[in-house]
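A.B. asks: dropping the sequence and predicted coords here.
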Amino acid sequence: MNLITSSIGQGLLWALLGIALFLTFRILNFADMTVEGTFPLGAAITVTAITKGVSPLVATLLGFLGGAAGGLITGLLYTKGNIPILLAGILVMTGCLSVNLRIMGGSNVSLLGQKTFFSAKIFQTLPRYFDSVLIGGGTIILITILIALFLETDLGQAFIVTGDNQMMARSLGINTDNMTILGLTLSNGLVGLAGALIAQNNGYADTNMGIGIIVIALASIIIGEVVFGYLTLNQRLIAVILGSIIYRFVLLIVLQLGFSTNDLNLISAIILAVCLMLPKLRHALKLDGILRKGVSQNGK
């Protein structure tokens, strides 16, 4: 039971990362490598602030702002400096490594003995791992609602159109550069928030904790899309959350089969590759036709 609760809690916390990358990967149509730098940046800022006596709430907000600053720089390099988005993200990601070392004063900082969201008295009476379920669930519900409401506004619609067709967006008078900067800033702010919460849950921040997290975020998105199929935009946000939880259960099963935690990045890459190839595999095996035939027969 504890393993199931832990997987759900971890899935909800890491879903923030999936939602953040969904804004750039699915709406703006590019994979932002900045996240591998802003994730540990949010964690480094939050953990260091807490150790300096700052309240967990303020420290977490600082982590969000730190991540947003990283996304803003990537956006400016891409739109104003005409640097390709992939390279711009890599440049900021690389720069964050040194920034994180400066902030923490070393490669890692522990939260042992410090007050965090997860050490609040209200959670001490709950069963083990329920703190991550409640904090992760409450945070992801709030963020998902806010993003869904944002995407329904005129600004949000302009943001969506920018990702769909930049030429058409410009013809409608939309400043696509500003929309791209907004998307990168908001996305990486959420990545920094995810780093802040996960660092508090883990009890430490480390400069290497961002390695491979873009694969984890993409896995949440792709698994959600593969499992739940064609959905509306708001439904896809929910699918990302469920995809993150499913991904955690897949990792749990893999670990129960005897694999080492050292293999997690490799396993994540394999899972993502398989999910990305599923549409092609279904077409090659003619499963789509079989499924459609079965549905039509049941309809009769």
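C.D. replies: Here it is on my side, so go on.
A.B. asks: now the helices for the stretch 201-300 of the chain?
C.D. replies: 213-228, 233-256, 264-284, 287-299 (DSSP state H, counting those that start in this stretch).
A.B. asks: do the stretch 1-150 of the chain as well
C.D. replies: Under DSSP H, counting those that start in this stretch, the stretch 1-150 of the chain gives helices at 2-22, 35-51, 56-79, 85-104, 121-124, 130-152.
A.B. asks: of the helices of the stretch 201-300 of the chain, which is nearest E152?
C.D. replies: For the helices of the stretch 201-300 of the chain, the distance to E152 is smallest for helix 233-256, at 8.7 Å, taking Cβ to Cβ. Bear in mind the C-beta positions are built from the backbone N, C-alpha and C, glycine included.
A.B. asks: quick one: contacts of the closest one?
C.D. replies: Residues outside helix 233-256 that contact it (Cβ atoms under 8 Å, 6 or more residues apart in numbering) are 3-4, 7-8, 10-12, 14-15, 17-19, 22, 26, 140, 144, 147-148, 151, 160, 216, 219-225, 227-228, 231, 261, 264, 267-268, 271.
A.B. asks: just the buried subset of those, please.
C.D. replies: Taking 16 or more other Cβ atoms under 10 Å as the criterion, what is buried in the contacts of helix 233-256 is 7-8, 10-12, 14-15, 17-19, 22, 140, 144, 147, 151, 216, 219-225, 264, 267-268, 271.
A.B. asks: pull the number of nearby residues for A20.
C.D. replies: For A20, the neighbour count with other Cβ atoms under 10 Å is 29.
A.B. asks: skipping adjacent residues, who's closest to it in space?
C.D. replies: Spatial nearest neighbour of A20, excluding adjacent residues (Cβ to Cβ, 6 or more residues apart in numbering): L190 at 3.7 Å.
A.B. asks: thought the one you found was touching A15?
C.D. replies: No. In this structure, L190 is not within contact of A15 by Cβ atoms under 8 Å, at 10.4 Å.
A.B. asks: what is the burial count for S55?
C.D. replies: S55 has 11 neighbours, counted by other Cβ under 10 Å.
A.B. asks: let me see the contact set for A49.
C.D. replies: By Cβ under 8 Å, 6+ apart, the contact list for A49 reads V58, A59, L62, G63.
A.B. asks: give the PyMOL command for selecting the buried subset of these.
C.D. replies: To isolate the buried members of the contacts of A49 in PyMOL, using 16+ other Cβ under 10 Å:
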select buried, resi 59+62+63
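A.B. asks: can I get the contacts of A49 in a markdown table including distance to M277?
C.D. replies: A markdown table is the format used below for the contacts of A49 (distance: Cβ to Cβ, whole Å):
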| residue | distance to M277 |
| --- | --- |
| V58 | 45 |
| A59 | 41 |
| L62 | 40 |
| G63 | 35 |
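A.B. asks: circling back: which of the helices of the stretch 1-150 of the chain is buried the deepest?
C.D. replies: Stretch with highest mean neighbour count among these: helix 35-51 (a mean of 29; mean count of other Cβ atoms under 10 Å).
A.B. asks: could you give the mean pLDDT of that helix?
C.D. replies: Across helix 35-51, pLDDT averages out at 95.
A.B. asks: for the remainder of this discussion, apply numbering that starts at 15.
C.D. replies: OK, 15 is where the count begins now, so the last one is helix 49-65.
A.B. asks: would you mind getting the angle between it and helix 16-36?
C.D. replies: Helix 49-65 runs at 120 degrees relative to helix 16-36, counting by axes from the mean of the first three to the mean of the last three Cα atoms, to 10 degrees.
A.B. asks: please state the offset of helix 49-65 from the chain centre?
C.D. replies: The chain centroid and the centroid of helix 49-65 are separated by 15 Å under Cα atoms, centre = their mean, to the nearest Å.
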